[in-house]
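In: A predicted structure for the sequence below; I have some questions about it.
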Amino acid sequence: MQYQEALDYLYSRLPVFHRIGPKALKPGLTNTLRLCEALGNPQQQFRSIHVAGTNGKGSTSHMLAAIYQSAGYRVGLYTSPHLKSFTERIRLNGEPIAEAEVAAFVTEHRSLIESIEPSFFEVTVAMAFDFFARHQPDIAIIEVGLGGRLDSTNVITPVASVITNIGYDHTDILGDTLAKIAREKAGIIKTAIPVLVGETHPETKPVFEEVAASLQAPIRFADQAFRPEDGGIANGLRRVIIRSGAAASYFLDLLGSYQVQNLPAVLATVEALQPLLPVAAASVGVALQSVVRLTGLKGRFQTIQESPRVIADTAHNLPGLQALFTTVNLLKFTKLHIILALVTDKNRDQVLGSLPPSALYYFCQAGSPRSLPSDQLQAEAQAIGLYGDAYTDVNEATKAAIAAASPDDLILITGSNYHIAELTNL
């Protein structure tokens, strides 16, 4: 098979979450373990850091990858979903897996895939682990797909487990309380392996402490050890002041103010692993200013045009959008234009209710079957006082917003990974 043939085969043959939602999930680790066993258990052949959380796990994973790359290590990175190319999911020192390697994996293991009948995500996890086992990074950063306990990535034994935060998302799968969701995320905690929790919350802290104690896993709440303060944006970088004894400033090229809350877990992880993976303080500072360049991260408060300023952000649930608008409200602009798409299986009442009624809206949809039709989104939004036109394509919506905006207006594209992935100039 050629690369495109291999992708077409995977998409047509296997259940894909971004197309059909929770129906694509195959609960449990059985399929992943069977795939890995047939591949020679690659998940046991490289060192890893496991990253879970409701929001921020992608940014946290990329910041960790950038730091270890800057320190001179050979670094693997597995994240999902991708925005532009499937190859973004699997990286080595920032470079995506070669298309030829994807094609070769699918071609060689087609009969295995057809005998096990895994999900699309289970195959991509196995492919990533096989890739890392063959290329032997010094450390691989593995982002959880959904939840933790039953996520396909949870067959590794990492050198550290990281849980960024807990919020309401995928409640139909993970549970309808923060404590229940936390217990699913806590499923990545392993016996005697240090766990770093990014945010302390009274409903989730006891859950993490209980699970960690039962597994004799050292636990640290990063925001207590590394107390963050937002220093604002200057010279194109987000300044974060960290108080841990003496105060220190870090400058991030990831500009969203929500990155302030992500940074403590990153710093706590690097500190916890110093005996195994030493990193100089200077490497941390340099890396945090160059995460996008070093790792290829896109869609995190990313400016894609100036005058009018157009920002794309993949926030897609209530806590993510609330954090996004905390940043937006700090910016200076005359009028806010929001290009919005949502998927069908989110709590849309909560999400729409959190959005500013003063903005001018451009409702759109992505090509994914999970994407809510733009006319339906428009009707639901209008019912609560959010007004704008409907478009079937995000690029058409963006053109319309740019045409309507003044130079000092702000255009924000958000609500779903999938329509942002379809932006031609991302």
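Out: In hand now; what should we look at?

In: all strands for the stretch 1-150 of the chain, in order.
Out: 48-52, 75-78, 90-92, 95-96, 139-143 (DSSP state E, counting those that start in this stretch).

In: and those: which comes nearest Tyr387?
Out: strand 139-143 (36.8 Å; CB to CB). Quick note: C-beta positions are derived from backbone N, CA and C, even for glycine.

In: dump the very next helix or strand once past the closest one to CSV, restricted to CA.
Out: Using DSSP states H and E, the helix or strand that follows strand 139-143 towards the C-terminus is strand 160-163. Only the C-alpha atoms of strand 160-163 are listed here, as CSV (Å, rounded to 0.1, in the frame of the first residue of the first chain):
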residue,chain,number,x,y,z
ALA,A,160,6.2,9.5,35.5
SER,A,161,2.4,10.0,35.3
VAL,A,162,1.1,13.5,34.8
ILE,A,163,-2.5,14.6,35.2
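
In: each with direction, which strands does strand 160-163 pair with?
Out: Strand 160-163 has its sheet partners listed here by DSSP bridges as strand 48-52 (parallel), strand 195-197 (parallel).

In: need those in TSV with mean pLDDT, can you?
Out: Formatted as TSV, the strands paired with strand 160-163 follow (pLDDT from 0 to 100):
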stretch	mean pLDDT
strand 48-52	98
strand 195-197	98
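
In: looking at the ones you listed, which is closest to Ala379?
Out: Of all the strands paired with strand 160-163, strand 48-52 comes closest under CB to CB, at 35.7 Å.

In: chain center to the closest one: distance?
Out: Strand 48-52 sits 12 Å away from the centroid of its parent chain (CA atoms, centre = their mean, to the nearest Å).

In: now the closest residue to Val394 other than its chain neighbours. Its backbone dihedrals?
Out: Excluding its sequence neighbours, the residue lying closest to Val394 (CB to CB, 6 or more residues apart in numbering) is His419, at 4.2 Å. Here is the backbone geometry of His419 (degrees, to the nearest 10): phi -80, psi -30.

In: try Ser371
Out: Per degrees, to the nearest 10, the backbone of Ser371 is at phi -70, psi 130.

In: I'd like the numbering to begin with 40 instead of 1 from here.
Out: Right, with 40 as the first residue, what we last looked at is Ser410.

In: could you list every residue that touches it?
Out: Taking CB atoms under 8 Å, 6 or more residues apart in numbering, we find Ser410 in contact with 380-383, 404, 455, 457-458.

In: hang on, the earlier thing: same list, the strands paired with strand 199-202, but as TSV with distance to Lys219 and mean neighbour count please.
Out: Putting the strands paired with strand 199-202 into TSV (distance: least, CB to CB, whole Å; neighbours: other CB atoms under 10 Å) gives the following:
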stretch	distance to Lys219	mean neighbour count
strand 87-91	15	28
strand 234-236	17	29
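
In: need those strands in TSV with distance to Gln43, can you?
Out: Formatted as TSV, these follow (distance: least, CB to CB, whole Å):
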stretch	distance to Gln43
strand 87-91	30
strand 234-236	40
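
In: mind checking which of the ones you listed is nearest Ala442?
Out: strand 87-91 (40.2 Å).

In: ok, residues contacting stretch 131-147?
Out: 40-42, 44-46, 48-49, 104, 108, 113-116, 124-130, 152, 166, 169-171, 174, 176, 333-335.

In: next step: the residues you listed restricted to helices.
Out: Mapping these onto helices (DSSP state H) picks out 42, 44-46, 48-49, 104, 108, 152, 166, 169-171, 174, 333-334.

In: most neighbours, which of those?
Out: Ala104 (32 neighbours; other CB atoms under 10 Å).

In: that residue against Ile180, yeah?
Out: Yes. Assessed by CB atoms under 8 Å, Ala104 is found in contact with Ile180 at 4.9 Å.

In: quick one, helices of the stretch 240-389 of the chain?
Out: 244-253, 261-264, 298-311, 320-327, 330-334, 357-367, 387-392 (DSSP state H, counting those that start in this stretch).

In: quick one, which of those is packed in tightest?
Out: helix 298-311 (a mean of 25; mean count of other CB atoms under 10 Å).

In: export that helix to PDB, keeping only CA atoms.
Out: Output in PDB follows, covering the C-alpha atoms of helix 298-311 (Å, rounded to 0.1, in the frame of the first residue of the first chain):
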ATOM      1  CA  GLN A 298      -0.800  27.900  29.800                       C
ATOM      2  CA  VAL A 299      -0.100  29.600  33.100                       C
ATOM      3  CA  GLN A 300      -2.000  26.700  34.700                       C
ATOM      4  CA  ASN A 301      -0.300  24.100  32.600                       C
ATOM      5  CA  LEU A 302       3.300  25.100  33.400                       C
ATOM      6  CA  PRO A 303       3.500  23.900  37.000                       C
ATOM      7  CA  ALA A 304       3.000  20.200  36.000                       C
ATOM      8  CA  VAL A 305       5.600  20.600  33.400                       C
ATOM      9  CA  LEU A 306       8.200  22.000  35.800                       C
ATOM     10  CA  ALA A 307       7.300  19.500  38.500                       C
ATOM     11  CA  THR A 308       7.700  16.600  36.000                       C
ATOM     12  CA  VAL A 309      11.200  17.900  34.900                       C
ATOM     13  CA  GLU A 310      12.200  18.300  38.600                       C
ATOM     14  CA  ALA A 311      11.000  14.800  39.500                       C
END
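
In: contacts for it next, please.
Out: Outside helix 298-311, the residues touching it (CB under 8 Å, 6+ apart) are 88, 95, 98-99, 102-103, 106, 199, 201-204, 233, 235-238, 259, 261-262, 264-269, 277, 279, 281, 283, 289, 291, 316, 318, 323, 327, 339, 362.

In: between helix 357-367 and that helix, find me the angle.
Out: If you take axes from the mean of the first three to the mean of the last three CA atoms, to 10 degrees, helix 298-311 sits at 110 degrees to helix 357-367.

In: tell me how far helix 298-311 is from the chain's mean position?
Out: Worked out by CA atoms, centre = their mean, helix 298-311 lies 15 Å from the chain centre.

In: one step back: Pro412: which of the contacts of Ser410 is nearest?
Out: Looking across these and measuring by CB to CB, the closest to Pro412 is Gln404, at 5.7 Å.
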